[in-house]
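S.K.: All I have is the shape, not the residue letters:
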């Protein structure tokens, strides 16, 4: 192999590594909540499928989430080094500089706001600004490091894509969008606490007051049951504005999720291993099933309790 070929191969490898690092900054696995905008938009226009607004909204939301996540990595670079779960992130291991990551995250964030405002509605763009500001400055830099209730407020950022999606489709925010927001808001704590129960030592090492790191396991389990119940109640309330398909799925899925949360609490009460991974995995599936049911119900445009 010639020297030129070796240099070319080395250059390609370096490019792939650098691309992989910048992609990792966006936390692509967390961008799945962006997809929640689709059922919101379909529910807003029951029976009508208009592809371009959906595509435009998804592009804007993907850039918004990627930008906010990158800025989150910049803000959390110091604590990511202290946690085993995050020690391999690009900023934690120094493969990307803070200045470059800050520029990258800022460009993505500004781009998302401009795209949503231009291709959908001004309200969608303004809600994107609110989401980024809240997630980076209020949640990441303030609440996360100071309060054991941090993930409760993290649910605000998680739920914003449904409001942005609805506003992108209609230019307003309907009550159904607010209820969908509520489902994600109440779902976030039990989902996050179940994961944090497995990584409590990481949070303690980094000085992050995540509830499982500062409270007894039984207290965490009780809070999980409470927020799981609130998630289910909110999901069932949404049935007032959907058809029977969603109503049945929401009821059955919520009962199953609550039963798993209750079992976790009872295992902790009896001194057994909490086994939170099962609840964490099912919570992910729960949100997927709920929003898939909204999508099917909206496309079929089944009669709602209000006759719409």
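M.R.: Nice, I can see it. Worth saying up front: this structure is predicted, and the values here are computed from it rather than measured. Numbering: from 1, shown residues only.

S.K.: tell me which element the closest residue to residue 115 other than its chain neighbours falls in.
M.R.: Of all residues not flanking residue 115 in the chain, residue 60 sits nearest, at 4.4 Å (C-beta to C-beta, 6 or more residues apart in numbering). The C-beta positions use only the backbone N, C-alpha and C, and glycine is treated the same way. Element membership of residue 60, judged by DSSP states H and E, is helix 51-75.

S.K.: how near is residue 239 to residue 293?
M.R.: To residue 293, residue 239 is 10 Å away according to C-beta to C-beta, to the nearest Å.

S.K.: Other residues contacting the helix or strand that contains residue 290?
M.R.: Assigned by DSSP H and E, residue 290 falls within helix 276-300. Helix 276-300 is contacted by residues 35-36, 38-40, 42-43, 45-47, 49, 180, 183-184, 187, 190-191, 193-195, 197-198, 224, 235, 238, 242-243, 245-246, 249-250, 253-254, 256-257, 260-261, 264 when judged by C-beta atoms under 8 Å, 6 or more residues apart in numbering.

S.K.: right, and the helix or strand after the helix or strand of the chain with the lowest mean pLDDT?
M.R.: Using mean pLDDT, DSSP states H and E, the weakest-scoring helix or strand in the chain turns out to be helix 3-25, at a mean of 70. Using DSSP H and E, the helix or strand that directly follows helix 3-25 along the chain is helix 37-44.

S.K.: what residues does that following helix touch?
M.R.: Taking C-beta under 8 Å, 6+ apart as the rule, helix 37-44 contacts 49, 53-54, 57-58, 61, 161-166, 168-170, 174, 176-177, 180, 241-242, 291-292, 294-295, 297-299.

S.K.: before we move on, the earlier item: now the buried members of the contacts of helix 276-300.
M.R.: Among these, those classed as buried by 16 or more other C-beta atoms under 10 Å are 35-36, 38-40, 42-43, 45-46, 180, 183-184, 187, 190-191, 193-195, 197, 224, 235, 238, 242-243, 245-246, 249-250, 253-254, 257, 260-261, 264.

S.K.: Helices - which of the residues you listed land there?
M.R.: Judged by DSSP state H, the buried ones among the contacts of helix 276-300 include 38-40, 42-43, 180, 183-184, 187, 190-191, 193-195, 197, 224, 235, 245-246, 249-250, 253-254, 257, 260-261, 264 as members of helices.
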